[in-house]
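Undergrad: fold the following for me, if possible:
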Amino acid sequence: MKEKFYAYIQNLQDKITSGLEEIDGKAVFKEDLWKRKEGGGGRTRVIEDGAVFEKGGVNISKVHGPLAPAMQKYFNVGDVNFFACGLSLVLHPKNPMVPTVHANWRYFEMYDKDGKVIDSWFGGGQDLTPYYLFDEDATHFHSVCKAACDRHDPGFYSEYKQKCDEYFWNSHRNEARGVGGLFFDYCKASEERSMEDWYNFVTDVGNSFLEAYIPIVKRTMDLPYSEEQRKWQEIRRGRYVEFNLVHDKGTLFGLKTNGRIESILMSLPPHVQWVYDHHPEHGSEEEKLIKVLEQPREWA
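TA: Residues are numbered from 1 along each chain as shown. The predicted model follows:
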C-alpha cells in the first residue's frame with residue numbers, strides 16, 4: 001500500500017502544479033529535492049511572486065526510521081519504526097478576494113523491531129480560508145467535497161466537515177481559521193472497510209482538489225481591491241500563522257521527526273501583520289467574515 005500511495009501522490013503533485021502554473025500564467029514552481037539523514041526525503045515545489053499566487057507550495061515526502069521519543073509519547077507506543085508519506089499544499093494568493101487554500105493527503109505505518117506492521121492509517125483533507133466571504137465560493141468548495149465523500153459513504157461529509165470545523169479552530173481566538181472543508185485521520189482497516197477502500201476514498205478527495213479550488217480562483221482573481229483590503233488580508237494571515245505554529249499537528253510532527261524546516265514552514269505567508277486589538281467596523285464585509293468564523297455554517 002505504501003508504494004502504491006506514494007506513486008499516487010507523485011502523480012498528483014505533477015497534476016496540481018501544472019494546473020496552478022496554467023492559471024497563474026507568470027510564475028512556475030521551483031523544485032527542491034531533499035534527503036533526511038534518518039531515512040527518506042521529499043520533493044518540495046514552491047511558487048513565489050506570481051501573477052495570482054504570492055507564495056505557495058505543493059510538497060511530497062516519504063520518510064522512515066525510528067520514531068522519535070516525543071512522537072512515541074504522542075502515539076502512546078514504545079520503541080518502534082515508522083513510515084510516512086504524503087502530499088501537503090498551501091497557496092496564498094496575492095488578491096485578498098481570492099481565498100488561501102490548504103490540503104494534504106497522507107499514509108502512515110508503524111513497525112515493531114522485526115519489521116512487522118503493527119498499525120497503519122490514512123489521513124488528510126482540504127480547507128478554505130477566505131479573507132472576504134463570497135457565499136457561492138464556500139458553497140462550491142463544500143459541494144465538491146461532499147460529492148467526493150458521497151461516492152464512498154453518505155455519512156462521510158457531515159462527519160469530516162464537523163471534524164474540520166473542530167480541528168481548524170483557533171481556540172485562543174475563539175474562531176475558525178476559515179470556512180472549513182474536510183478533515184479525517186486514523187482511517188484504518190475494519191470489518192466495514194479495507195485499506196483499499198480507504199485508499200479509494202482518500203485518492204478521490206485528492207483528485208477533487210483542482211475542481212474545488214480553481215473555479216473560485218478564476219472567479220475572484222481579477223476583482224479590484226484597495227490597500228485597506230490588502231491590510232485586512234495580512235491581518236487575517238496572522239491568524240493563519242498562529243494556528244500553524246500553535247495548534248497544527250502536522251507542523252509538530254515535522255519538527256519532532258527532524259523534518260526539513262524549509263518545507264514545513266513553507267505554509268507561512270510572506271507578508272503578515274499583527275495590529276494591536278484590531279476589530280473590523282460594524283456592518284462591514286470584514287465583520288461579516290468574522291461572524292461566520294465564530295459560528296461555522298453549513299455550506300452543502
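Undergrad: let me know the average pLDDT across the host helix or strand of Lys146.
TA: In the assignment (DSSP states H and E), Lys146 maps to helix 135-150. Mean per-residue pLDDT for helix 135-150: 98.
Undergrad: tell me what that helix is packed against?
TA: With contacts defined as 3 or more C-beta pairs under 8 Å, 6 or more residues apart in numbering; DSSP states H and E, helix 135-150 has these neighbours: strand 117-129, helix 156-167, strand 180-187, helix 195-207, helix 209-220. C-beta: built from backbone N, CA, C; applies to glycine.
Undergrad: of all the ones you listed, which one is nearest Gly65?
TA: Closest to Gly65 of the helices and strands packed on helix 135-150 is strand 117-129 (C-beta to C-beta; 15.3 Å).
Undergrad: now do the buried residues in the closest one.
TA: Ser120, Trp121, Phe122, Gly123, Gly124, Gly125, Gln126, Asp127, Leu128, Thr129 (16 or more other C-beta atoms under 10 Å).
Undergrad: ditto for stretch 193-211
TA: Here stretch 193-211 shows Met195, Trp198, Tyr199, Phe201, Val202, Thr203, Val205, Gly206, Ser208, Phe209, Leu210, Glu211 as buried, counting by 16+ other C-beta under 10 Å.
Undergrad: also stretch 24-31?
TA: Using 16+ other C-beta under 10 Å as the burial criterion, the residues of stretch 24-31 that qualify are Asp24, Ala27, Phe29.
Undergrad: what residues are up against the second one?
TA: Counting by C-beta atoms under 8 Å, 6 or more residues apart in numbering, Ala27 touches Glu21, Ile47, Glu48, Asp49, Gly50, Ala51, Phe53.
Undergrad: contacts only, for the residue lying closest to Thr129 once chain neighbours are set aside.
TA: Take Thr129 and drop its neighbours on the chain: the residue closest to it by C-beta to C-beta, 6 or more residues apart in numbering is Gly178, 3.2 Å away. With contacts defined as C-beta under 8 Å, 6+ apart, Gly178 is in contact with Pro99, Thr100, Asp127, Leu128, Thr129, Pro130, Phe168, Leu293.
Undergrad: turn those residues into JSON lines, including distance to Glu228 and pLDDT.
TA: Output for the contacts of Gly178, formatted as JSON lines (distance: C-beta to C-beta, whole Å; pLDDT from 0 to 100):
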{"residue": "Pro99", "distance to Glu228": "18", "pLDDT": "98"}
{"residue": "Thr100", "distance to Glu228": "19", "pLDDT": "98"}
{"residue": "Asp127", "distance to Glu228": "26", "pLDDT": "98"}
{"residue": "Leu128", "distance to Glu228": "23", "pLDDT": "98"}
{"residue": "Thr129", "distance to Glu228": "19", "pLDDT": "98"}
{"residue": "Pro130", "distance to Glu228": "17", "pLDDT": "98"}
{"residue": "Phe168", "distance to Glu228": "26", "pLDDT": "96"}
{"residue": "Leu293", "distance to Glu228": "19", "pLDDT": "97"}
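Undergrad: could those go into a markdown table alongside distance to Trp274?
TA: Shown next, in a markdown table, are those (distance: C-beta to C-beta, whole Å):
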| residue | distance to Trp274 |
| --- | --- |
| Pro99 | 21 |
| Thr100 | 17 |
| Asp127 | 22 |
| Leu128 | 23 |
| Thr129 | 17 |
| Pro130 | 20 |
| Phe168 | 20 |
| Leu293 | 17 |
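Undergrad: pick the one among those closest to Phe253.
TA: Nearest to Phe253 among these: Phe168, at 16.3 Å, using C-beta to C-beta.
Undergrad: settle this for me: that closest one is touching Arg177, isn't it.
TA: Yes: with contact defined as C-beta atoms under 8 Å, Phe168 reaches Arg177; the gap is 4.2 Å.
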